[in-house]
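Trainee: 3D, please:
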Amino acid sequence: MDKKKAWKDAMHTWNIEAKSINNLMETINIEDFIKCIEIIRDCQGKIITAGVGTSAAAAIKIAHSLSCIEHPSFFLSPGDAVHGALGSVQNNDIVILISKGGNTEEIINIIPSLKIKKVIIIGVTENEDSVLAKNSDLLMKIQVKEEADAFNMLATTSTITVIAVFDAVCIALMNLTKYSKEQFAIIHPGGAVGKRLLEETK
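Mentor: Coordinates of the predicted model:
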């Protein structure tokens, strides 16, 4: 194994991903970002996230982070959704659909049912001309210049950038709602974080 080459690859990956996250300050539409925060803040139901492949990984992380700050959320598999799991979605919910190209078949297949249920759809994609973008109540356009791999195909930079956007949404919501350590300690009593929270809130 060429250790120098492996380390060079690592630095390249981190540099590409770091640049993409830094570029968010110039590429994210501020009004859309604020609207996303407001929609989630005002949600009277649940927040459902969905995606396929690496977008699913991002969706799972986003749902977990939102739940951690008392905005009840869960990941819905698009495959399960069209086989009855859409019954978990009700008309006071918000659905965050993630698809880099915006035309992922499994995501597109659930849009008609979501429209019938009259939920708010937040579409996360880089393609504003896509089916997802055109059917979203709020479009969060997140576009990266390049992925980290040599083929510019492996969803590396794009996935971590989507996560970074919604990490920022979560932090803004925490500050907006004055979310406290005491609240966090109630729902996160486990692990090293839970131990520290319980000690700090005694």
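Trainee: low-confidence ranges in this structure?
Mentor: In the predicted model, the chain carries pLDDT under 70 at residues 194, 197-198, 202.
Trainee: can we see that at 90?
Mentor: Counting by pLDDT under 90, the chain has low-confidence residues at 1-2, 152, 179-202.
Trainee: where exactly do the strands run in it?
Mentor: Secondary structure of the chain, counting by DSSP state E: strands at 47-51, 73-75, 94-98, 120-125, 138-141.
Trainee: would you turn those strands into CSV with distance to Arg196 and mean neighbour count?
Mentor: Any C-beta I mention is one placed from the backbone N, CA and C, and that applies to glycine too. Written out in CSV, the entries for those read as follows (distance: least, C-beta to C-beta, whole Å; neighbours: other C-beta atoms under 10 Å):
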stretch, distance to Arg196, mean neighbour count
strand 47-51, 27, 25
strand 73-75, 24, 19
strand 94-98, 30, 27
strand 120-125, 32, 24
strand 138-141, 33, 20
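Trainee: now those as CSV including distance to Ile62?
Mentor: Formatted as CSV, the strands of the chain follow (distance: least, C-beta to C-beta, whole Å):
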stretch, distance to Ile62
strand 47-51, 5
strand 73-75, 8
strand 94-98, 7
strand 120-125, 9
strand 138-141, 11
